[in-house]
Every structure is written in C-alpha cells, then in structure tokens.
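J.: here is a sequence together with a model predicted from it:
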Amino acid sequence: MNEAKKVMLADDAPAPKPKPAAEAANPSHSSPAASIPSKEPSSKTAPTPSPKSKPKAPVPAPEPLPTLDDLFRKTKAKPPIYWLPLTDEQVALKKLNSQPKRDRDNLRMAERAK
C-alpha cells in the first residue's frame, strides 16, 4: 500500500454517528462509560474558606504513643521477651490455688515416708 493512503487526515475522519432520540434523552442507559464518574471537580465540593474568615488555630500534635519498652519489662537476651510482673492480687490468687496441691503433695510424701 501507498504511505499516503495509510495516513488519514483529521478532515478525512468519518463523522460520529448521530444517537437515536431515545438514547439522547436518557444518557445513563446509552453506554457503560456514561455510568463511570468523571474526574472533573463537581459542584458539590466543599467551599473554599473566604479570606475574611478567621484562620483556624493549629491543632496540637498528639503525644507520642508509649513504646513496648515503656509498657513492659523485657529480657536482655535476643530476641527480647516482653513481660509484666504479677500484681499483689495475682500472687495471692496463685497462692490460694496452689494450696490444695501443696497439701496433697505433703500427704503423698508422708505416705511414702511410712
């Protein structure tokens, strides 16, 4: 083919087909592309503050969150193991729960000694 025949000028481009009256009246059903929102700014965007309005006070920076080192104790070995010591209530509860075990163990030891 001849190079001149391959190249189409803008003037030679075919004109777009006119839409039927039903499609022109209801563009939402004309094509799937019509349902895709455009990236153009809409009229529903937030209004820009006028120069007469008072500038807002800067929001104070929030305090930094505590690190694991601040919240827990950790072992010196690598990788560190983070832990919390027991509270006095937890210690008392453990002692109460372990008392029957100690009594049972003491009875067994006494029976073995006989």
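T.: Ah, there it is.
J.: tell me the mean pLDDT over the helix ranked longest in the chain?
T.: Longest among the helix segments of the chain by residue count, using DSSP state H, is helix 88-113. When the per-residue pLDDT values of helix 88-113 are averaged, the result is 85.
J.: next: stretch 64-71.
T.: Mean predicted lDDT for stretch 64-71 stands at 90.
J.: could you list the buried residues of that stretch?
T.: Within stretch 64-71, no residue counts as buried by 16 or more other Cβ atoms under 10 Å. Backbone N, C-alpha and C define where each C-beta goes, glycine included.
J.: what do you get for stretch 89-108?
T.: Within stretch 89-108, not a single residue qualifies as buried, counting by 16+ other Cβ under 10 Å.
J.: what is the neighbour count of residue 80?
T.: When neighbours are counted by other Cβ atoms under 10 Å, residue 80 registers 13.
J.: so who does it touch?
T.: For residue 80, the contacting residues are residue 74, taking Cβ atoms under 8 Å, 6 or more residues apart in numbering as the criterion.
J.: can you tell me the SS state at it?
T.: At residue 80, secondary structure determined by DSSP: H, G, I helix; E, B strand; the rest coil is coil.
J.: how about it, phi and psi?
T.: Main-chain torsions, residue 80, degrees, to the nearest 10: phi -70, psi 150.
J.: could you measure from it over to residue 74?
T.: In this structure, residue 80 lies at 4 Å from residue 74, with Cβ to Cβ, to the nearest Å as the measure.
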